[in-house]
Each structure stands twice: as structure tokens, then as C-alpha cells.
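Chemist: Any chance you can model this:
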Amino acid sequence: MPRHRVLFLLIVLGSGCGRRPGGEFTAMSEEFVYTTLSFSPTTATAAGLHEYQGKRLDGMLDDFSPAWLDRQRHYYEQFQSRLAGIQPAALDPQQRADYSILQDQVELALLDLKELQTAFHNPTIYVETLGNSLFVPFVLEYAPKHERFLHIIARLQKVPLFVDQASNNLTSSPALWTQVAMEENEGTIGLVDKAIRAAVPDELKNDYENAARTALHSLEKFQNYLKGSLSERDQADWRLGGARYARKFRYTLDAGVQPENTLQQAERELQSVRGRMFELALPIHRSIAAGHKDHPELAGAERENRVIGEALEHIALRHGTAASYMEDARGDLEEARQFVASRHVLTLPPRANLQVIETPEFMRGIYAVGGFDPAPALEPQLGAFYWVTPIPKEWPEARVQSKLREYNFYKLKLLTIHEAIPGHYVQAEFANAVEPRPRRLLRAVFGNGPYVEGWAQYATQAMLDAGFLDHSPEMQLTFLKEELRVLANAILDIRLHTLDMTDQEALDLMQDQTFQEKEEATAKLRRAKLSSCQLPTYYVGWRAWNRVRDEYRQARGGAFSLSDFHDRALRQGAVPLSALGQLLQAP
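Modeler: The predicted model follows:
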């Protein structure tokens, strides 16, 4: 019997009496990780957990039946009560960090299951869960190809029941969520009908065809349901409202900050960053538009907009093409890797397991630009993926050029640094070495968002501070535009969900105040309506990473080493940033 199953039974039977608080908590934490991962076989496969309590998870699909959702709610409620019986002060620093993560995850799960009820209002969770359940065994070589395709076939056979659960559960959905679900569902259909079908081993072709035929019929049926029945029931609101947003914000960020204070600070800093941009843009503007004399006829924000905007327009002219976009990202990745190594920014991961691939179609609703998918926490030797969303061939030229101007020569490099090296990929590789394994899983699968997104922003800053692109003014100005975007992310999310910000106000913020292209602003607005409390993690996390570094520098004095700080902080995994400082000071 697996060790985690033994622990689960011991706890349920109450045989931990007399155990020290630290030992009891360790057992509880391990149980939580494996039990909640088993709630989602799709997530379990991606994390490298293939079997639990005698069940082979790789051939299973997530269960969204009301009975199973109720069982999950009951588990989280019981675990919440058990956590309340643990005194954090009796735990060691590492355990206290884990306690905070567990507490946040339980509260988030109960908020969703009892109040937000995503399973009854958001069709994208079904489409993305199903797409990932098939895509992960398709691209991740955790077993021989024959075995992985058996898992795909087993999951395809369960698609009709899965789709029926989705159709029965969904009572209403915001129009945008339904529209995105339709777009992503088309991607899943293409994945089954084309990409996976083309790679099926010869000996499994008949079995695959039989399973795929039934699954595709169900997916087409679901598409019709989305277009018809669910589209007519669009009364659900994507806005969380002030009270629910504040609670989700607290448990998602765990940073000791409130939405209203974060909003006020971000709006103040936005003006400060614009001022720095103006000073940096002036010499660039003089070199490209000397005849304008820096627009002395204008004043205030109008002059800032004109000077900064014209400088950024000039910078944006240097970009690749729709055809070269992916190769440009691959070249930027190698350039970043070499720079990190030569400047000793940090210790690069020893594995060469990162691939640059196109964002899966069923995930492009929320990953309109790109993203990162880490190697499984339990099988870190397997593939990690830097997703780059290609520019669709059917886009009109104006839309293509808008995207290329936004992700120009400089911005594409910043994206690659953020998502890959030394950003998310490096952070995930360090996290996948955390021991013991249950702690690694906890911090990898349920890790703190500001730690993760804040690191990617902070790491980009560290690269430029170290001289990436020789302190190019064009790169510096592009990065300040990135800082404006981070501030706009927080403002946008808080105002949309709590203060009834309109679409036009959101677009004005992004295009007029933070210099984003129309294509970027439109995609970001859509993303903000599809998610909540994720966009502020960049701003809150970035500021917290700088604070933790400065406190560590002060504590270490002359013994401080920036690369050593980076390595030590990354070795902790994605803990709340308030706990990170304490862990770095611990003996």
C-alpha cells in the first residue's frame, strides 16, 4: 500500500493521538496534497501522480457530478476544522509556510464550491479540463507512447458522460464565457480529430477511431448546446463584487494587502512611472523627431502622451513577421540563457527539458499571448513548455501589425525572459527540487501566485539591471511600458470586479494611459473578465520580491550576494512572500 494511503487511513481513523503538532501537521499536509490532486485526474497526470488509493488516474476524467462536488466540499470543510486545531506557532518555519498555503487553498476551494459555483456558470472549465486531459498524455512522455495512447483512448471513452455533466450543471453563463468556451471547444475538436489522430500508433488505430468518433459526436453536441441553450441563459455576472472579490483577493495573494489600498497605490505609481518614461523618452524623441521640439505647445499628460507615444511607436517598428514569430522567440530564449550564464544572475537548471511550442488552441482564450507549463513536480525530468500563441493566418493585416508592434523586437525578449529564462521556467525547475516530495507538490501545484508572477517580473528587472542589451534606452523604455502594464493589470482587475468599470474606461486606461496597442488591450480586457484576482499578482508580487531582497541584503551586509539570494529564494518553492523572508533568515 502506498505510504500516502497509509497516512490517509491513519488520520481518518484518528490514530494520530499523542503525535507532536509538527508530525501531525506533516501527515495532514501530505494527505491534503494527494487527496485533492486525486479530485482532478487531469491535474494529477500533469503533476506526475499516476496512481492513488489503487486507482489509475491517467485513464480517468474529472468528475463534475453534483454528488462528487458535494463530496469535495465536505472534505474541505472537514479539513478546515482540522487545520483550526493546529497552532501555527508550534510549527517550524517551513511548516508555517505550508500551513499558510493549505489555509488559503481550503478557503479558495470553499469559496468556489459554496458561493461562486464555477461548475454551474463557467463552461470554459469543462473545455479546458478536457483539452488538458488529452493534451498532457499526448505531449508529456511519462510512459511509453503505446501506454499513453491507451490513457487517451480511455479518457475519450468517458467524454460523453463528461459532456453530459457539463450540460446538466451549467445553469447560466456570462455571454463572453460561453463565447470563449465555443472557441476553445473547437480547438479540442481539432486536437482529437487532427493532431492526436495523426500520431496514433498503428496497433491502436481502430480503438482510437471508435473512441474518437463517439467523443467528437459529443463535443459537437456540446458545441450546439453552447451556441443554443446556454447562450440564451446569459444572466450570470462575471463581476465578483466587492465583498467576494476582497475574500478571493486575500486568499489568492496572501500578501497582507487589501484591494482598495492596492488600487490607490497602483494608481499613484502609474503617474510616477509615466514621469520616468517621459524623461527617458525625450532623447529618443529628439533623435527621431527633432522638428517637433518635444511638443512645447502641449502640457501635462497630453505632452507626456505625445512624446512617449511617438518614441514607443518608433521602437515598435522593429519587429518580426507573423511567419518568424515563433523562431524569434526561440532565438530570444537562447540569448537569455547565455546572458544569465555569463553574468551569473543565478544558477541555471541542469536539465535541458524546455520546449517552445504553440499555445494549445483550447487554451488560447486566456493565453492570447503566451504562457508557461512546467514539468510535472513528481517527474521533473519530463518536458516543460514555453507557450507562444501564433498569429492566426486569417487575421486582417491591421490586426497582425497591431500584435507585431506590441510584441516587437524588445517586448518579445521581455516576454521570453518572463515566461522562460530566468522567469517561470527557472523558478519551476528550482521548485521541482524541493524536498520532501509532498511539500514539493504542495508548493508547485498550490503555490502562491504573487511569488510566481512576482518572480517573473522581478527576474526581468534583474536582467536589465545586469546589463541585458547593454542598457539600451529602447529596452529600458519598453520595460517601463511593461511596468505600466503591470500597474494597469491591478487597476483593471480591481475596478472591473468591484467598481463597475466599463469596457471603454478599461480600454482608455490601457491604450491612452499605458500605451498598449488595441489588440493587446482588447485581449487583456477579455482576460480580466475570464479571471479574477490573478492580474494583481504581478504588481503585488514584484513589489514584495524587491522588499524581500532589500531586507535580505540588509541582514547579510557585506556577505550579500545577489545570485546567492536568487538561488536561496528559489529553492524554497512558491511560498507566500511574507514567509519567504522568514525562511531566508532561518538557520
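Chemist: where do the helices sit along the stretch 301-450 of the chain?
Modeler: 325-343, 397-406, 409-419, 424-431, 437-445, 449-465 (DSSP state H, counting those that start in this stretch).
Chemist: quick one, which of these is nearest to residue 562?
Modeler: Ranking the helices of the stretch 301-450 of the chain by proximity to residue 562 (CB to CB) places helix 449-465 first, at 7.5 Å. Every C-beta, even on glycine, is put in place using the N, C-alpha and C of the backbone.
Chemist: how far is the closest one from where the chain is centred?
Modeler: Counting by CA atoms, centre = their mean, to the nearest Å, helix 449-465 is centred 14 Å from the centre of its parent chain.
Chemist: what's the answer for stretch 229-237, then?
Modeler: 27 Å.
Chemist: now do stretch 123-142
Modeler: 16 Å.
Chemist: Repeat that for stretch 217-235.
Modeler: 27 Å.
Chemist: do stretch 345-352 as well
Modeler: The answer for stretch 345-352 is 21 Å, by CA atoms, centre = their mean.
Chemist: what's in contact with that stretch?
Modeler: 337, 339-341, 375, 380-381, 421-422, 425-426, 429-430, 459, 462-463, 466, 562-563, 566-567, 570 (CB atoms under 8 Å, 6 or more residues apart in numbering).
Chemist: Just the buried subset of the residues you listed, please.
Modeler: The neighbour-count test (16 or more other CB atoms under 10 Å) marks 337, 339-340, 375, 380, 421-422, 425-426, 429-430, 459, 462-463, 466, 562, 566, 570 as buried among the contacts of stretch 345-352.
Chemist: Specify the residue ranges that define each domain of the chain.
Modeler: Listed by automatic domain parsing, the domain ranges of the chain are 3-116, 124-232, 259-316, 325-585.
Chemist: okay, now residue 185: neighbour count?
Modeler: By other CB atoms under 10 Å, 26 other residues sit near residue 185.
Chemist: And residue 36, which helix or strand is it part of?
Modeler: helix 21-39 (DSSP states H and E).
Chemist: residues in contact with stretch 230-241?
Modeler: 116, 121, 123, 170-178, 248, 496-498, 500, 529-530, 532.
Chemist: Quick check: buried residues in stretch 241-261?
Modeler: 244-255, 257, 259.
Chemist: so which two of those are the farthest from each other?
Modeler: So, those by CB to CB: farthest apart are 244 and 255, at 18.3 Å.
Chemist: now for the helix with the most length in the chain, which elements pack on it?
Modeler: As assigned by DSSP state H, the longest helix anywhere in the chain is helix 259-288. Other helices and strands packing on helix 259-288, by 3 or more CB pairs under 8 Å, 6 or more residues apart in numbering; DSSP states H and E, are helix 242-253, helix 300-316, helix 473-498, helix 536-556.
Chemist: Now do it: distance to the chain's middle.
Modeler: 26 Å.
Chemist: Repeat that for stretch 322-333.
Modeler: 22 Å.
Chemist: How about stretch 381-388?
Modeler: 14 Å.
Chemist: can you check stretch 202-209 too?
Modeler: Here stretch 202-209 shows a centroid-to-chain-centroid distance of 35 Å under the convention CA atoms, centre = their mean.
Chemist: Other residues contacting it?
Modeler: 146, 149-150, 152-153, 156, 196-197, 200.
Chemist: Check those against residue 293 and report the nearest one.
Modeler: The closest of these to residue 293 turns out to be residue 196 (CB to CB; 60.6 Å).
Chemist: gap between residue 512 and residue 64?
Modeler: 42 Å (CB to CB, to the nearest Å).
Chemist: Oh, that last question was meant for residue 352, not what I typed.
Modeler: Residue 352 is 38 Å from residue 64, by CB to CB.
Chemist: When these two are compared, which one has more neighbours?
Modeler: Counted by other CB under 10 Å, residue 352 and residue 64 do not tie: residue 64 has more neighbours, with 20 against 7.
Chemist: Now do the phi/psi pair for the more buried one.
Modeler: With angles defined as degrees, to the nearest 10, residue 64 sits at phi -110, psi 20.
Chemist: and residue 320, how many residues sit next to it?
Modeler: For residue 320, the neighbour count with other CB under 10 Å is 17.
Chemist: wouldn't it be in contact with residue 409 here?
Modeler: Yes - the criterion here is CB atoms under 8 Å, and residue 320 meets it with residue 409 at 7.4 Å.
Chemist: Burial check on residue 446, number of neighbours?
Modeler: 19.
Chemist: Could you do the one 3 residues further on as well?
Modeler: Burial of residue 449 is recorded as 21 neighbouring residues (other CB under 10 Å).
Chemist: Give me the distance between the closest residue in space to it that isn't next to it in sequence and residue 574.
Modeler: Nearest residue to residue 449, sequence neighbours excluded (CB to CB, 6 or more residues apart in numbering): residue 537, at 4.0 Å. According to CB to CB, residue 537 stands 11 Å off from residue 574.
Chemist: Overlap of the contact sets of these two?
Modeler: residue 452.
Chemist: Next, the buried residues of stretch 574-586.
Modeler: 574-581, 583-584.
Chemist: Next, the buried residues of stretch 91-105.
Modeler: Here stretch 91-105 shows 91, 93-105 as buried, counting by 16+ other CB under 10 Å.
Chemist: now could you export just the CA positions of it as CSV?
Modeler: Provided in CSV are the C-alpha atoms of stretch 91-105 (Å, rounded to 0.1, in the frame of the first residue of the first chain):
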residue,chain,number,x,y,z
LEU,A,91,5.3,24.5,13.8
ASP,A,92,8.8,25.1,12.4
PRO,A,93,9.2,27.9,9.7
GLN,A,94,8.9,25.5,6.8
GLN,A,95,5.7,24.1,8.2
ARG,A,96,4.2,27.5,8.9
ALA,A,97,4.7,28.4,5.3
ASP,A,98,2.9,25.2,4.3
TYR,A,99,0.2,26.0,6.8
SER,A,100,-0.5,29.3,5.1
ILE,A,101,-0.7,27.7,1.7
LEU,A,102,-3.1,25.0,3.0
GLN,A,103,-5.3,27.5,4.7
ASP,A,104,-5.5,29.7,1.5
GLN,A,105,-6.3,26.7,-0.7
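Chemist: buried set for stretch 227-236?
Modeler: In stretch 227-236, counting by 16+ other CB under 10 Å, buried: 230, 236.
Chemist: Could you verify my assumption that residue 387 touches residue 369?
Modeler: No - using CB under 8 Å, residue 387 is not in contact with residue 369; the gap is 9.1 Å.
Chemist: Give me the buried subset of the contacts of stretch 230-241.
Modeler: Looks like these have 116, 121, 123, 170, 173-174, 176-178, 248, 496-498, 529-530, 532 buried, using 16+ other CB under 10 Å.
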